[in-house]
Every structure is written in C-alpha cells, then in structure tokens.
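1. Sequence and predicted structure are below.
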Amino acid sequence: MKHLTLVVDMYGCPNRCKHCWLGHIPNTAMSEDVNQYLIDYFKDTFDTITYYSWVRESDYCDNYHERWKRDNEISIGKKPERFELASFYRLNSDPDYVNFLKEVGVKIVQLSFLA
C-alpha cells in the first residue's frame, strides 16, 4: 500500500519568521484548479493521498473553513490532520478562529516568540 501526502503552498504566509526553513519566498496565490489536478495526477500511482493546501501558514486564506473542508474532500483514503497547527496571523485577526480550531479537533496550540 503506497501513500502520498501532498503539501502545497496555495496561499503563502504573512509572517517572516526567523525559524522558517523555507525562507522568505513570494506569496503567490495558486489557482484552485491545481488541487484536483494534483490529486488526479497521482491517484493511479498511490492507494491513499492526503492533501494539505498550505505549507508555511495554515489557514492564511480568508476562506479557511471551506479550504479545510475541500482538503478533506479531495484526499483519498486518508484525511489530513491538524495536530497543534494554528495560524498566528488568524489568532490575532479573526475572533472566530479559535472556535474553528476547536471544531477541527485542535486541543493545544504552540506559538514561538523570538526577540
């Protein structure tokens, strides 16, 4: 049984964290069409595919509720997981975000502050 996890930087990141291993790459929004294209491209090669539409900043896009639902819908055989992942940007700018995190099963959030 072969599994593939696809992690795509669909929206970018508002932060410029010193600890980011990707560096300061541009925030270029990708077309929504790429989601299904990638799944279709790999589905004959892998038994299960888990799709994540973000790499650097989870839930950076304004439609993060729908985005999470879509990631779950297009994943094949194994759904994406949240762990302690949360958007520092959203925690500071969206009063509904904490409720969303609870809904998707996040119980603990880890934030880093660097001086």
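-> Yes, it's here. Source: prediction; values computed, not measured. Numbering: from 1, shown residues only.
2. Confirm residue 72 sits in a helix?
-> Yes - according to DSSP: H, G, I helix; E, B strand; the rest coil, residue 72 belongs to a helix.
3. tell me the contacts of it?
-> 79, 80 (C-beta atoms under 8 Å, 6 or more residues apart in numbering). C-beta here means a position set from N, CA and C on the backbone, and glycine is covered the same way.
4. Read off the pLDDT value for it.
-> Residue 72 is assigned 96 on the pLDDT scale.
5. And it, how far from residue 110?
-> The gap separating residue 72 from residue 110 is 23 Å, by C-beta to C-beta, to the nearest Å.
6. swap in residue 7?
-> Applying C-beta to C-beta, the value for residue 7 to residue 110 is 19 Å.
7. So the two - more neighbours on which side?
-> The neighbour count for residue 7 versus residue 110, taken as other C-beta atoms under 10 Å, is higher for residue 7 (12 against 8).
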